[in-house]
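# Below are the sequence and a predicted model for it; my questions follow.
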Amino acid sequence: MARSTPVKKAWRSLAWLLAITAGLTGILAYGVIFDNASWAPKLALDLEGGTQITLAPKLGEGQASPSGEQLDQAVAIIRQRIDASGVSEAEIATQGAANIVVSIPGTPDQETLRRIESSAKLEFRPVIFTDVAASSAVGSTETPAPTDGATPTPTPSLATTSTAEPTDASDPNWVSPALFDEYTNFDCATLDVAETNVAPEDEPLITCEAAPDGTYTYKYILGPVEVSGDTISDASSGLISNSQGASTGTWGVFITFNDQGTGQFATVTQRLSGFDPNSDSRNRFAIVLDGKVISAPTTQAIITDGKPQISGSFTQESAKTLADQLKFGALPISFVVQSNETISATLGASQLNSGIIAGLIGLILVVIYSLFQYRLLGMVTVASLVVAGVLTYLMIAILSWRQGYRLSLAGVAGLIVAIGFTADSFIVYFERIRDELRDGRGLPGAVEAGWKRALRTIFAAKAVNLLSAVVLFILAVGNVRGFALTLGLTTIIDVLIVILFTHPILQLLASTKFFASGHPLSGLDPNALGAVYRGRAQFRAPVLPAAKSGAGREAAKRQTIAERKAAALTGADTRTNTKPSTDGKDS
């Protein structure tokens with residue numbers, strides 16, 4: 001098998017880089033053609049503007065205004081919901097003593113608005129009575145039976161209490177004649193204004209279940225809350241499987257209760273499983289979200305592991321939305337949308353242009369320094385920065401499409417800072433190569449030996465940068481996270497470029513006569529670096545004239561402390577052993 005030479009390795013690395021670039025370009029092109037992606041990254045609220053939603057607390061009769069702690073908790077939960085939907089660079093803050101203002105870049109979709117507006121107040125209530133919403137009679141004179149769950153019969157006086165005290169949450173004695181009269185006259189079309197989401201938890205509730213098309217299918221009389229949504233420790237969405245483990249193709253939400261909720265749910269399902277599901281509606285357990293029934297399944301068995309599943313007319317998006325709402329917790333109070341309006345950019349295009357100009361100025365300064373310090377070798381730095389910029393742009397555009405990332409002015413600042421960090425890697429590598437040239441190696445050997453030494457330094461430095469970016473991303477909120485994301489992304493791309501582009505390019509240049517011969521314009525001239533080869537890998541310090549040339553001045557600067565001391569001692573010994581003779585000749 002032929003030995004792999006540095007040149008062959010270089011071409012292989014460049015081929016990998018080309019494949020990665022082509023793959024990212026293809027992914028973005030697919031999104032642009034088929035999935036409403038854009039070649040340009042999306043901009044954040046400060047650069048593009050967006051939508052501002054003001055939420056006001058919805059309080060029941062006798063409820064006091066929300067406390068500062070409740071508002072802070074609500075802000076944290078709403079922020080988690082928005083982040084889970086893939087929208088970044090959103091701003092959530094309190095306004096006054098009661099309202100919450102949510103500002104989102106661009107125009108949010110309906111699912112995102114539902115995440116924000118819904119309080120996700122989840123309750124589990126037993127069904128006492130139910131009927132088809134469209135066929136329920138208005139002004140009915142029937143009353144509930146006291147014990148068997150059949151249709152109640154109200155008395156003419158419409159008493160507000162039953163003749164017997166209810167024994168549990170499923171007891172029909174919760175349904176007084178007055179409550180049943182309210183139920184028969186209840187119109188599901190008025191559910192949104194009925195304030196069912198702020199109903200007392202220890203009293204029965206009249207509500208309805210909605211179909212996916214927005215129409216109401218059933219209305220219910222439900223008993224008091226037996227399991228609260230705050231006992232949920234986790235929730236996820238997915239396809240429901242049958243008893244054989246095969247997918248049914250139906251989306252559902254899978255809930256995991258904590259210890260308290262597990263015990264409560266086991267107690268409830270044990271009672272409900274005693275009712276006949278074919279003849280008694282009390283076998284059903286309604287799942288109530290924000291005062292509306294989203295599902296009222298029958299109880300088939302006693303669930304003791306605290307892991308029930310919610311099934312219903314879910315789509316993949318609606319199941320994920322509900323799971324995220326439940327996972328991140330219910331808001332401590334209910335909110336109503338007070339206003340929903342479009343806002344302009346807080347900074348605007350001028351600030352974006354200023355940031356781009358600042359980045360270009362920084363890039364130009366880096367190029368000037370590289371060419372001044374490394375001559376034509378500095379062009380490798382320029383080319384590496386261009387390739388790194390292309391990969392960074394593609395990644396940001398893909399993140400904007402797939403993850404909802406938006407580029408803010410803080411993110412632009414992260415990209416500008418990354419220019420210096422990226423150039424630093426190249427400088428470390430170049431200096432290692434120069435050190436190897438001073439030690440007597442030829443350019444091909446210096447490139448390989450310098451690479452091994454430089455790579456350890458680059459990895460250590462970039463690990464610190466990446467760790468800082470990760471910590472900042474986890475702990476920060478808002479625009480600071482955008483800065484951390486761009487900083488971390490460019491750090492990873494920096495390492496990728498050094499390995500797959502900068503080093504291979506130098507391997508190829510080392511095989512050319514111009515660079516291998518140490519041409520003065522190459523930036524790799526051994527004479528200019530302070531080392532002159534004299535055989536057997538030994539070098540001597542150059543003898544500099546009184547008026548040092550440019551190369552001589554740089555050579556003197558490049559001498560180590562040990563080399564300067566050795567030169568000084570050599571000069572001292574020469575002066576000691578040389579003295580004038582009496583006959584005018586040196587002795």
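Structure's in. What do you need? Numbering: from 1, shown residues only.
# tell me the strands in the stretch 301-450 of the chain, going along the chain?
Ranges of strands in the stretch 301-450 of the chain, per DSSP state E, counting those that start in this stretch, are 309-314, 334-343.
# Would you tell me which of these gets closest to Asn36?
strand 334-343 (20.0 Å; C-beta to C-beta). Quick note: C-beta positions are derived from backbone N, CA and C, even for glycine.
# Can you mark which positions in that closest one are buried?
Neighbour counts over strand 334-343 (16 or more other C-beta atoms under 10 Å) mark Ser334, Phe335 as buried.
# Strand partners (parallel or antiparallel) of that strand?
strand 50-58 (antiparallel) (DSSP bridges).
# Quick one: distance of the helix or strand following the partner strand to the chain centre.
Using DSSP states H and E, the helix or strand that directly follows strand 50-58 along the chain is helix 68-84. A distance of 17 Å separates the centroid of the chain from that of helix 68-84, by C-alpha atoms, centre = their mean, to the nearest Å.
# List the buried residues for helix 68-84?
Buried residues in helix 68-84 (16+ other C-beta under 10 Å): Leu71, Gln73, Ala74, Val75, Ile77, Ile78, Arg79, Gln80, Arg81, Ile82, Asp83, Ala84.
# Using JSON lines, lay out those residues together with pLDDT.
Putting those into JSON lines (pLDDT from 0 to 100) gives the following:
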{"residue": "Leu71", "pLDDT": "80"}
{"residue": "Gln73", "pLDDT": "74"}
{"residue": "Ala74", "pLDDT": "79"}
{"residue": "Val75", "pLDDT": "81"}
{"residue": "Ile77", "pLDDT": "77"}
{"residue": "Ile78", "pLDDT": "79"}
{"residue": "Arg79", "pLDDT": "78"}
{"residue": "Gln80", "pLDDT": "73"}
{"residue": "Arg81", "pLDDT": "71"}
{"residue": "Ile82", "pLDDT": "75"}
{"residue": "Asp83", "pLDDT": "71"}
{"residue": "Ala84", "pLDDT": "66"}
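# and of those residues, the nearest to Ala383?
Proximity of the buried residues of helix 68-84 to Ala383 was ranked by C-beta to C-beta; the top entry is Asp83 with 37.5 Å.
# List the contacts of the closest residue in space to that closest one that isn't next to it in sequence.
With sequence-adjacent residues excluded and distances taken as C-beta to C-beta, 6 or more residues apart in numbering, Asp83 is closest to Ala90, at 7.9 Å. Going by C-beta atoms under 8 Å, 6 or more residues apart in numbering, Ala90 touches Leu45, Arg79, Ile82, Asp83, Val102, Ser103, Ile104, Pro105, Gly478.
# In TSV: the buried residues of helix 68-84, plus distance to Leu14.
Listed next are these as TSV, based on distance: C-beta to C-beta, whole Å:
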residue	distance to Leu14
Leu71	56
Gln73	53
Ala74	53
Val75	49
Ile77	49
Ile78	48
Arg79	44
Gln80	43
Arg81	45
Ile82	42
Asp83	38
Ala84	40
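# So which of the residues you listed is the closest to Phe257?
Ile77 (18.9 Å).
# Return the distance of that closest one relative to Thr21.
41 Å (C-beta to C-beta, to the nearest Å).
# cool, Phe501 as well?
For Phe501 relative to Thr21 (C-beta to C-beta), the value is 10 Å.
# Now do the shared contacts for those two.
Val387.
# Does Leu437 touch Gly523 like I think?
No: between Leu437 and Gly523 there is no contact, the gap being 10.6 Å when judged by C-beta atoms under 8 Å.
# more neighbours, these two?
Leu437 (26 against 23; other C-beta atoms under 10 Å).
# Return the residues in contact with the more buried one.
Leu443, Ala446, Gly518, Leu524, Pro526, Leu529, Ala531.
# Looking at these, which one is closest to Ser311?
When the contacts of Leu437 are compared against Ser311 (criterion: C-beta to C-beta), the nearest one is Ala446, at 68.2 Å.
# And for that closest one, the neighbour number?
Neighbour count for Ala446, taken as other C-beta under 10 Å: 23.
# residues contacting the closest residue to it other than its chain neighbours?
In space, and not counting its chain neighbours, Ala446 is closest to Glu436: 3.6 Å by C-beta to C-beta, 6+ apart. Glu436 makes contact with Gly445, Ala446, Val447, Ala449, Gly450, Arg453, according to C-beta under 8 Å, 6+ apart.
# List just the nearest of the contacts of Leu437 to Thr130.
Using C-beta to C-beta, the contacts of Leu437 come closest to Thr130 at Ala446, 83.7 Å.
# Now do the closest one, the pLDDT please.
The model reports Ala446 with a pLDDT of 89.
# ok so, going back, buried only: go through the contacts of Glu436 for me.
Judged by 16+ other C-beta under 10 Å, buried ones among the contacts of Glu436: Ala446, Val447, Ala449, Gly450, Arg453.
# Just the ones in helices from those residues, please.
Ala446, Val447, Ala449, Gly450, Arg453 (DSSP state H).
# ok, so of those residues, who is nearest Ile206?
Nearest member of those to Ile206, counting by C-beta to C-beta, is Arg453, at 77.3 Å.
# wouldn't the closest one be in contact with Glu431 here?
No: in this structure Arg453 lies outside contact range of Glu431 using C-beta under 8 Å: 9.8 Å.
# Now render the contacts of Ala90 as CSV, adding distance to Leu289.
Output for the contacts of Ala90, formatted as CSV (distance: C-beta to C-beta, whole Å):
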residue, distance to Leu289
Leu45, 30
Arg79, 21
Ile82, 19
Asp83, 21
Val102, 20
Ser103, 26
Ile104, 23
Pro105, 28
Gly478, 29
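# I'd say Trp252 and Ser311 touch.
Not quite, residue 252 is Gly, not Trp. Yes: here Gly252 reaches Ser311: they are 4.6 Å apart, a contact under C-beta under 8 Å.
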